Each structure stands twice: as C-alpha cells, then as structure tokens.
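1. The sequence and its predicted three-dimensional model are supplied below.
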2 protein chains.
Amino acid sequence: MHKKLMYVCLMYSNELIKGTLKTIVLSLLAKKGRMYGYEITQHVKEETDGKIQLTEGALYPLLHRLEAEGLLETEKENIGKRVRKYYRLTESGNNQATSLAAEFQEFSKTMNRLLNNFSLKPSYYV
Amino acid sequence: MHKKLMYVCLMYSNELIKGTLKTIVLSLLAKKGRMYGYEITQHVKEETDGKIQLTEGALYPLLHRLEAEGLLETEKENIGKRVRKYYRLTESGNNQATSLAAEFQEFSKTMNRLLNNFSLKPSYYV
DNA sequence: ACATTATACCTAATTTTCTTATGCATAAGA
DNA sequence: TCTTATGCATAAGAAAATTAGGTATAATGT
C-alpha cells in the first residue's frame, strides 16, 4: 500500500477528453514541432493547471495509431542510457491538426449555442 | 438498394460528440422541461443546422442508462395508437445538468487556451 | 547507502460507449 | 400504394479509454 494512494481531484471528469485527445496531441505537435510522449502529458497538465491530465494508457496507444496512420513520424534519441521517442507531424498529420483544431472550435461554438440560455433559463424543476 | 443511400456530410466527424452526449441531453431537458427521444434528435439537428446528429442507437441506450441512474424519470403518453415516452430530470438529474454544462464551458475555455496560437504560429513544417 | 520519486517507455484486460444494422409499428404524404 | 416520417427498441461489433500492471534509468531525499 504505497502507490498512487490519493487522487486529489481538481480535474475534469474526463468524459470530455474522450473526443478531443487526438485534437490535443496533433495541435500540440503542430505548435511545438516535436515532442515525446511523457513531455506531452506534462505539458498539457501544466498548461491547463492540472485540469486536463492525459493518462499514458490512452496516450501511447494513440501515438502508435497515429504513426501507423501516417500522421506522425518518430525519431529516437538517447538520453544517457535511456531512449526518448520524439514524434512530429507528417504533412498529412499537419493537415489533420489544422482541421481538427478548427473543427473543435466550430463544435465548441455550436455546443455553447445549444447549451446557452440554460443557466439563464433554468428548468421548471428549480 | 433503396435505403440510406447517400450521406451528405455537413456534420462533424462525430468524434467530438462522444464525450458530450450526456451533457447535451441533460442540458436540453433542463431547458425544455420534458422531451421524448425522437424529439431530442430532431431538436438538436435543427438547432445546430444539422451539424450535430444524434443517432438513435446512441441516444436510447443513454436515456435508459440515465433513467437507471436516477437522473431521469419517464412518463408515457398515447398519441393515437402510438406511445411516446417523455423524459424529464429528477433533482439529481438537474444538478448533473448544471454541473455538466458548466464543466463543458470550462473545458471549452481550457481547450481553446491550449489550442490557441496554433493557427497563428503554424508548425515549422509549413 | 537506501528508498523514493521522477523520467520514460510499453502493454493487456476490462469497461464503456458509440456505430451499424436491424426490427416493429403507426401516421402522413406522394 | 409506396415511401417517408414518426417513434420506440435492441444486438453485434468496433473503437477507445480506464485501470493496472511491467521494465528501466536518473535524480533526490534521508
């Protein structure tokens, strides 16, 4: 009884991240040029004040899928005795990144339009 | 060869809807008071100009889950010889609706912060 | 010196949820 | 009368995340 004992939960319920993980990863790579897996998790965590925390069990398989789809390519780099695997966008990966980011912003607008008036006009129940 | 032949695709790739279906349904019910399944699909479709189209295969099981969880309750109504099943929020459903809607808006802000600069500062690749 | 935490990768079993494909039935419209 | 719209439902399969491990090196604390 010594591992991962407490989860102080300031983060989202994570339901929402489901549809957006790919968008996050590709957009980040588009912005940063190249990153390695662990770096992505840390960067997202810091930049969102811990609100979005990618799990490695979700991230690594995704990176592998994206590489298999030809959206990413890798290069390994030796850091001491360890190996880092850097990912960067291919051309089609870059296109995907652009369109997914745009799509999210459109979607986000649509959703807000759909959800709004909600807090203004609460249900008959209240 | 006569059914559902063409899909004119003006809608989102649907990846994004995955995490938000529950939010949509609960928020809509909070706003409208009560709705039946088919009505929800039509309402969402119209209000988003066809960009978000809920499939019945996703919606009905969700409604059943939410009812089982005690977030929704139902009442049946006879329309001619057919039966409509109206859903409305319970108290805890209403709470959930409020917090999910708020969470989405927070999430959406966080995402935009994370994705922004992206189109302004395109990848080295371009 | 030893233990813990951080860095860094990975996978496998399970669960959850969506898609796709049906099925049934009544009502309305062409 | 044939098709589309309304209205419910479920079941098989796919997709993707969670959970829970595993391995190993480097750094830090005590």
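-> Alright, I've got the coordinates. Note that the coordinates shown come from a computational prediction; the quantities given were computed from them, not determined experimentally. Numbering: from 1, shown residues only, chains lettered A, B, ... in the order given.
2. For the lowest-mean-pLDDT helix or strand in chain A, which helices and strands make contact with it?
-> Of all helical and strand segments in chain A, the minimum by mean pLDDT, DSSP states H and E falls on helix A:91-115, at a mean of 93. Under the contact criterion of 3 or more CB pairs under 8 Å, 6 or more residues apart in numbering or on different chains; DSSP states H and E, helix A:91-115 touches helix A:21-32, helix B:21-32, helix B:37-47, helix B:91-115. No exception for glycine: its C-beta is placed from N, CA and C like everyone else's.
3. And DNA strand C, is the first one touching that?
-> Okay, so that is helix A:21-32. No - contact of helix A:21-32 with DNA strand C (CB under 7 Å from any atom of the strand) is absent, the minimum separation being 12.5 Å.
4. for that helix, what is the average pLDDT?
-> The average pLDDT within helix A:21-32 is 96.
5. how big is the angle separating it from helix A:91-115?
-> 120 degrees (axes from the mean of the first three to the mean of the last three CA atoms, to 10 degrees).
6. Pull the number of nearby residues for residue A:70.
-> A count of nearby residues for residue A:70, using other CB atoms under 10 Å in any protein chain shown, gives 12.
7. Sorry, wrong one. I was asking about residue A:23.
-> Count around residue A:23 with other CB under 10 Å applied: 25.
8. how about the nearest residue to it, chain neighbours excluded?
-> Leaving aside its sequence neighbours, residue A:23 sits nearest to residue A:100 (CB to CB, 6 or more residues apart in numbering or on different chains; 4.4 Å).
9. so the one you found touches residue A:25, yeah?
-> No - in this structure, residue A:100 is not within contact of residue A:25 by CB atoms under 8 Å, at 9.6 Å.
10. The two: which has the busier surroundings?
-> residue A:25 (26 against 22).
11. Who are the contact partners of the more buried one?
-> A:40, A:59, A:62, A:63, A:66 (CB atoms under 8 Å, 6 or more residues apart in numbering or on different chains).
12. Need the phi and psi values for the closest residue to DNA strand D within chain A.
-> Using CB to the nearest atom of the strand, the point where chain A gets nearest to DNA strand D is residue A:57, with a distance of 2.2 Å. Dihedral pair for residue A:57: phi -60, psi -20, per degrees, to the nearest 10.
13. Count the neighbours of it for me.
-> Neighbours of residue A:57 (other CB under 10 Å): 8.
14. and it, how far is that from residue A:74?
-> 19 Å (CB to CB, to the nearest Å).
15. Same check on residue A:36?
-> 9 Å.
16. what is residue A:82 paired to in the beta sheet?
-> residue A:79 (DSSP bridges).
17. which residues touch the residue nearest to residue A:23?
-> Residue A:100 neighbours (CB under 8 Å, 6+ apart): A:22, A:23, A:26, A:27.
18. Name the pair among those residues with the greatest separation in space.
-> Within the contacts of residue A:100, A:22 and A:27 form the most distant pair, 9.2 Å apart (CB to CB).
19. Give me the more crowded residue out of these two.
-> Taking neighbours as other CB under 10 Å, residue A:22 and residue A:27 compare with residue A:27 leading, 26 against 18.
20. Residue numbers of chain A in contact with DNA strand D?
-> A:14, A:17-18, A:21-22, A:55-58, A:61-62, A:65, A:79-82.
21. Pick out whichever of the residues you listed sits closest to residue B:87.
-> Nearest member of these to residue B:87, counting by CB to CB, is residue A:18, at 23.4 Å.
22. what does chain A have sitting close to DNA strand C?
-> For chain A, the residues in contact with DNA strand C (CB under 7 Å from any atom of the strand) are A:2, A:15, A:36-39, A:42, A:56-57, A:60-61, A:63-64, A:79, A:82-86.
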